[in-house]
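Trainee: Following is a predicted model, sequence given first.
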Amino acid sequence: MGMAHVALAAVLAMAAAAATVSASPALGVQPLSKIAIHKATVHLDLHRSSAYVRATPAVLGGQDEDTVWVTVKYGWDNPTPDDWIAVFSPADFISGTCPNPERYPAEPLLCTAPIKYQYANYSANYLKGGKGTIRLQLINQRADFSFALFTGGLENPKLVSVSKVVVFKNPKAPVFPRLAQGKTHDEMTVTWTSGYDVSEAYPFVEWGMVGAAGTRTPAGTLTFNRGSMCGEPARTVGWREPGFIHTAFMRNLWPNKEYFYKIGHELSDGTVVWAKPYTFRAPPTPGQNSLQRIIVFGDMGKAERDGSNEFANYQPGSLNTTDRLIEDLDNYDIVFHIGDMPYANGYLSQWDQFTAQVAPISAKKAYMVASGNHERDWPNTGGFFDVEDSGGECGVPAETMYYYPAENRANFWYKVDYGMFRFCVADSEHDWREGTQQYKFIEECLSTVDRKHQPWLIFTAHRVLGYSSNSWYADQGSFEEPEGRESLQKLWQKYRVDIAYFGHVHNYERTCPLYQSQCVNNEKSHYSGTMNGTIFVVAGGGGSHLSEYTTAIPKWSIFRDHDYGFTKLTAFNHSSLLFEYMKSSDGKVYDSFTIHRDYRDVLSCVHDSCFPTTLAS
C-alpha cells in the first residue's frame, strides 16, 4: 500500500472514530460557545465613517407584547462572508469589567457573550453591495439591547459598529408563566420571571374558578448570582442576570374544574403591573375515573424562529415539537419533559428564551421537568457523572426557573399523582444504586401507590437506566448507562412498573415487556392480562441532533425511529391504556400499543414480584 493510501486509510479511520464519538448527546456544540468573545477587539473609531447598524423600532412592547420582531439594517465598505451581527443585552456590553480577568494575559475588552447572532450575509445583498437587512426576534429579558457588526468571523471577532439602544416599554414586566402540579393533587403552582425584586414590588397571582370571583395569593421570590455557578462559561462570558423567579401556590382546587389566573406585581404606589390572563384545568383526584392524557418526551432544546445562531444544526426538531404541542393543546392534560431542556450549557440568556418558547404550553398545562446531564453535570459538585455537560450551571438555573414537587430541590426526584397514574420521576445525574438516598425514594414512590385506584405506574429518568440499542451503549456492550438497571430492575419488577421512560438518546425506541434482558411476552401491540415485565421507552427525540442506533437489532427492540417525536399516554379507565408515538414533523401516530387488564392481573404474582406464600387453612 502506498504512502498516500496509508494516509487516506488513517484519515478515514479517524473520521469513523470521530463519527462514533460524536453520536453522544454531550457533544452537540452550543452555538454561542463558537464565539471567541474574550479575543474580541474594538475598531469603532477606525470604521466609523462607513460601518453602521440601525435597529427599529427603538421602543418595543407598546401593546405589552413580550415577544417582538426588530428590523436591523447594517453595512460597511469592506464586507466579508465572515461578518456577523450580534445581539447584546444589556446594551452596554463594552463597558463592563470582566469578572475573571486572571484567565487571560490581559483583560479582554468584551467579557459577555451575545444572546444571539446571525451572519451578515444572511441578507442576500450584503456581500455584493455592503448593505444588509435582517429581522430578529427578541423577548423581554429585563434589560435593553444593542446590535453590533463584527468582522473577523467568530474566531477572531473585530467590533466595527454598534447600534443605538433598543428597549422594551417595561423591561421588568412579569413574563412566561410556567404551571406545575404541586405536592398534592389539589395544588397547582405557577412560576414566572420578572425584573422586580420584592423590595420594589409585591408578586402575586390572582386566580379563581372560571365564572367566580378571584382571590390573590402572594408569591415567593428566588434568584441566583454569578457565585452560584460552578464553572465556565456560566461564571464568565455566559453569565447574565437571571432576574427574579416567583412561585405562587393555588390550593384546594376542585378536580377537573377550569380556573383562571393572572400574575402581577403591586408597586409601592398601589398600581399593579399585570401579565396576560390564562386558564388551566385542575388535576383529577388520585384514582379518579376520567379521560386522562399525558405527554412525555426529553431532549428538546430551544431554537430561533428568526434563523439565527445556527440552531438549525444544533436543535433541528425543537420548534416542530413545540409547535405540534401548541397546536394540540386541547388534546392532552399534563406534560413531562424528562431532562435536557434548553441546552444552555452555561449561557444563561438561553434559559429565558426557552421559557418563552414553551410558554404557550406551560401557561396552560402543568409542565413537569426532570434533570438531565445538560442541566446538572459538572465535576466535583456531588453529581454522579464527573463531566462538564452543564457548562458550569450545576443545576442551579433548572432548579430555580422551574418548580417541581421535590422535598429538596437540589435532589431532583419527586412523585406525581395524576388521576389513575403515578409518575416516579428520578434524577439520573445523582446516584440511584441500592443503598442511596435516591434508591430509597424510588422504592417508596413505587411501593406506596394503591394499584386498584391508580393502576398505571410510570417510571422516568433522563439517562437510559433501562434499555436502548443506541450505538454508543451497544459499543459498551451494555445497552444502558453503566450500572443503569442493575439495582433498579428488581424494583420495577417487584412493584410491577408498566412503562419506564428515558431520554438522553436522541431517537425513539420501544421494547417488549422485559425483565433481566429477556422478553417475557411475545405480543407487540395489544397486551392483556398479567404483565410479566416492564416496557421500556426511549423518547429523547424532542429536538436535539439525532443519535444513531447499532446496526444489529436486539431481540427486545420492537420499534425504532430515527426521527423527532414525542409520546402520549391516554388512560380511558382503570383497565385500558393507550400508548402513542407521534412524529414532530406532522403530529401523526407512527407506533402504538394498548394495555387491557383488571386489578387481579396487577395482584397476581410474576417472577420476583411476590414473597413466598403458604397454604395455611
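Mentor: Looks like it came in fine.

Trainee: K365 against Y332, yeah?
Mentor: Yes - checked against Cβ atoms under 8 Å, the pair K365 and Y332 is within contact range at 7.0 Å. Heads up, the C-betas are built off the backbone N, CA and C, glycines and all.

Trainee: for the stretch 1-150 of the chain, what spans make up the strands?
Mentor: If DSSP state E, counting those that start in this stretch is used as the criterion, the strands of the stretch 1-150 of the chain fall at 41-42, 52-56, 59-60, 67-75, 84-88, 116-119, 131-139, 146-151.

Trainee: for the stretch 201-350 of the chain, same thing?
Mentor: Ranges of strands within the stretch 201-350 of the chain are 201-209, 215-218, 220-222, 244-250, 258-267, 272-274, 278-281, 292-297, 334-337, based on DSSP E, counting those that start in this stretch.

Trainee: Distance to D561 and mean neighbour count for the ones you listed - can I get that in JSON lines?
Mentor: Output for these, formatted as JSON lines (distance: least, Cβ to Cβ, whole Å; neighbours: other Cβ atoms under 10 Å):
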{"stretch": "strand 201-209", "distance to D561": "40", "mean neighbour count": "20"}
{"stretch": "strand 215-218", "distance to D561": "44", "mean neighbour count": "14"}
{"stretch": "strand 220-222", "distance to D561": "39", "mean neighbour count": "15"}
{"stretch": "strand 244-250", "distance to D561": "36", "mean neighbour count": "22"}
{"stretch": "strand 258-267", "distance to D561": "36", "mean neighbour count": "19"}
{"stretch": "strand 272-274", "distance to D561": "44", "mean neighbour count": "15"}
{"stretch": "strand 278-281", "distance to D561": "31", "mean neighbour count": "18"}
{"stretch": "strand 292-297", "distance to D561": "13", "mean neighbour count": "23"}
{"stretch": "strand 334-337", "distance to D561": "19", "mean neighbour count": "24"}
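
Trainee: quick one: which of those is nearest C519?
Mentor: Taking Cβ to Cβ as the criterion, C519 comes closest to strand 292-297 out of those, the separation being 22.5 Å.

Trainee: Which residues does the closest one contact?
Mentor: The contact list for strand 292-297 (Cβ atoms under 8 Å, 6 or more residues apart in numbering) reads 284, 321, 325, 331-338, 418-421, 460, 501, 503, 537, 539-542, 565-571.

Trainee: Show the buried residues in these.
Mentor: Burial of the contacts of strand 292-297 was assessed by neighbour count (16 or more other Cβ atoms under 10 Å); the buried members are 284, 321, 325, 332-338, 418-421, 460, 501, 503, 537, 539-542, 565-571.

Trainee: Go through these and flag which are in helices.
Mentor: T321, L325 (DSSP state H).

Trainee: Can you give the domain ranges for the chain?
Mentor: If you go by the TED database, the domain ranges for the chain are 52-168, 286-603.

Trainee: Figure out how far the first one is from the centre of its chain.
Mentor: Shown here is domain 52-168, whose average C-alpha point lies 26 Å from the average C-alpha point of the whole chain (Cα atoms, centre = their mean, to the nearest Å).

Trainee: same deal with stretch 459-467?
Mentor: If you compare the mean C-alpha spot of stretch 459-467 with that of the full chain, they lie 16 Å apart, counting by Cα atoms, centre = their mean.

Trainee: For L577, grab the count of nearby residues.
Mentor: The criterion is other Cβ atoms under 10 Å. On that basis, L577 has 23 neighbouring residues.

Trainee: ok so it is a strand residue?
Mentor: Yes - membership of L577 in a strand is supported by DSSP: H, G, I helix; E, B strand; the rest coil.

Trainee: Nearest residue to it in space, ignoring adjacent ones along the chain?
Mentor: Across the structure, with Cβ to Cβ, 6 or more residues apart in numbering as the measure, the residue nearest L577 apart from its sequence neighbours is I595 (4.4 Å).

Trainee: Below-threshold pLDDT in this structure: ranges please.
Mentor: 1-27, 46-49, 95-109, 617 (pLDDT under 70).

Trainee: For V198, which non-adjacent residue is spatially closest?
Mentor: T221 (4.9 Å).

Trainee: swap in M341?
Mentor: The shortest distance from M341 to any residue other than its chain neighbours is 5.8 Å, reached at F354 (Cβ to Cβ, 6+ apart).

Trainee: So that neighbour, which state does it fall into?
Mentor: Reducing the assignment to helix, strand or coil with three-state DSSP, the entry for F354 is helix.

Trainee: tell me the contacts of it?
Mentor: F354 makes contacts with K302, M341, P342, A344, as judged by Cβ under 8 Å, 6+ apart.

Trainee: any idea which of those residues is the one closest to K158?
Mentor: Compare each of these with K158 using Cβ to Cβ and the shortest gap goes to A344, at 26.8 Å.
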